[in-house]
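**Q** A predicted structure for the sequence below; I have some questions about it.
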Amino acid sequence: MTPVAVLARGLTRRFGAFTAVDHLDLEVSAGEIFGFLGANGAGKTTAIRMLCGLLPPTSGQASVAGLEVGRRSRDLKRRIGYMSQRFSLYDDLTVVENLAFFGGVYGLSAERIGQRSALLLPQLGLDGQQARLTAALPLGYKQRLALGCALLHEPAVVFLDEPTGGVDPLARRRFWDLIYAEAAAGVTVFVTTHYMDEAEYCGRVSIMVQGRIAALGTPSALKESTGARTLQDVFLQLVER
Ligand SMILES: Nc1ncnc2c1ncn2[C@@H]1O[C@H](COP(=O)(O)OP(=O)(O)OP(=O)(O)O)[C@@H](O)[C@H]1O
Ligand SMILES: [Mg+2]
């Protein structure tokens with residue numbers, strides 16, 4: 001049996017009287033590419049922040065990479081990577097300096113950071129860009145660098161919150177090649193996107209509507225069960241309902 005990489009049971013977060021995430025139940029297997037879809041404000045980022053241990057839930061439980069979220073948070077941090085929606089690269093650092101900074105945050109030695117960077121830079125298509133100031137990079141490059149920063153410490157599970165927002169179709173496809181390579185290497189990928197072509201690349205997707213999972217399954221199963229022709233139509237049916 002494939003081990004469970006991400007598990008949520010009744011995971012709930014309220015902000016005052018408003019419920020942003022409402023009893024989220026999920027199970028994602030190790031090595032899966034799971035698409036976490038939903039309209040703006042559906043609660044995706046809030047759920048991811050809870051799964052990463054960055055935001056305490058109001059109620060419910062979660063476990064990620066075999067650890068209960070909320071306990072042993074240092075161990076949890078080592079097992080997960082997080083690329084936030086507004087990714088947190090330092091514009092005034094160079095490419096390698098950003099990698100070194102994030103490696104340091106994850107407690108990697110300088111030697112390990114050097115080894116991992118040497119391996120990742122060509123994979124990310126950033127060879128020759130080492131000394132460039134991050135501020136001067138095109139957005140597609142910044143996104144690949146942010147992915148590299150999230151993968152440097154070899155996490156078991158990586159959370160990517162709208163990693164391809166605003167980049168061109170070619171850059172998006174290159175980014176997805178990297179996601180596939182990570183998943184093939186056994187990394188669990190939990191990714192949000194508003195691009196339905198990307199949703200089609202996922203093994204399974206969930207569609208969140210106002211804090212709740214309204215649909216969950218493989219892209220083809222969701223189309224079949226709703227009679228929709230495209231995943232975009234499935235999405236629109238659920239969100240407009
Ligand atoms: N700290 C907060 N305080 C109050 N409300 C919040 C807070 N964080 C998020 N919310 C609200 O919770 C809801 C869900 O927000 P969230 O950012 O999780 O949505 P999302 O699905 O990630 O949307 P998007 O696709 O735009 O990124 C929104 O209505 C948002 O305004
Ligand atoms: Mg969000």
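**A** Structure received. Ligands and ions are numbered 1, 2, ... in the order given.

**Q** what pLDDT does M1 get?
**A** Looking at M1, its pLDDT reads 60.

**Q** whoops, L139 was the one
**A** Looking at L139, the pLDDT reads 89.

**Q** Please give me every residue in contact with whatever residue of the chain ends up closest to ligand 2.
**A** Nearest residue of the chain to ligand 2: T45, at 3.1 Å (C-beta to the ion). The way it works is simple: take the backbone N, C-alpha and C, and place the C-beta from them, glycine included. By C-beta atoms under 8 Å, 6 or more residues apart in numbering, the residues touching T45 are Q85, D161, T192.

**Q** among those, which are in strands?
**A** Counted as lying in strands by DSSP state E, out of the contacts of T45, are D161, T192.

**Q** Contacting ligand 1 as well, which ones from the contacts of T45?
**A** When contact is defined as C-beta under 6 Å from any ligand atom, these meet ligand 1 at Q85.

**Q** For the contacts of T45, which single residue is the most surrounded?
**A** T192 (24 neighbours; other C-beta atoms under 10 Å).

**Q** what separates it from A199, distance-wise?
**A** As for T192, its distance to A199 is 10 Å (criterion: C-beta to C-beta, to the nearest Å).

**Q** which residues are common contacts for these two?
**A** G35, L37.

**Q** Now do the buried residues in the helix of greatest length in the chain.
**A** As assigned by DSSP state H, the longest helix anywhere in the chain is helix 169-184. For helix 169-184, a neighbour-count test (16 or more other C-beta atoms under 10 Å) marks A171, R172, R174, F175, W176, L178, I179, E182, A183 as buried.

**Q** What mean pLDDT does it get?
**A** pLDDT averaged over helix 169-184 gives 91.

**Q** ok, which stretches of the protein are helices?
**A** Counting by DSSP H, the helices of the chain are 44-51, 73-79, 95-105, 110-123, 139-151, 169-184, 196-200, 219-226, 231-240.

**Q** which one of the ones you listed lies closest to ligand 1?
**A** helix 44-51 (3.2 Å; C-beta to the nearest ligand atom).

**Q** hang on, the earlier thing: including pLDDT, could the contacts of T45 go into CSV?
**A** Output for the contacts of T45, formatted as CSV (pLDDT from 0 to 100):
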residue, pLDDT
Q85, 79
D161, 95
T192, 97
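
**Q** can you put the contacts of T45 in CSV and add distance to S59?
**A** Below are the contacts of T45 laid out as CSV (distance: C-beta to C-beta, whole Å):
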residue, distance to S59
Q85, 24
D161, 23
T192, 23
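
**Q** out of the contacts of T45, who's near ligand 2?
**A** Among these, the residues lying close to ligand 2 (C-beta under 5 Å from the ion) are Q85.

**Q** And the contacts of T45, which is closest to ligand 1?
**A** Among those, and counting by C-beta to the nearest ligand atom, the member closest to ligand 1 is Q85, at 5.7 Å.

**Q** Can you tell me who the residue nearest to the closest one when sequence neighbours are not counted pairs with across the strands?
**A** Nearest residue to Q85, sequence neighbours excluded (C-beta to C-beta, 6 or more residues apart in numbering): D161, at 4.2 Å. Listed by DSSP bridges, the beta-bridge partners for D161 are T192.

**Q** quick one: D161 and T192 touch, right?
**A** Yes: when contacts are counted by C-beta atoms under 8 Å, D161 is listed as touching T192 (5.3 Å).

**Q** shared neighbours of these two, which are they?
**A** What both D161 and T192 touch, as defined by C-beta under 8 Å, 6+ apart, is the set K44, T45, I48, Q85.

**Q** center of this structure - which residue?
**A** The chain has L160 as the residue nearest its centroid, 1.9 Å off, counting by C-alpha atoms, centre = their mean.
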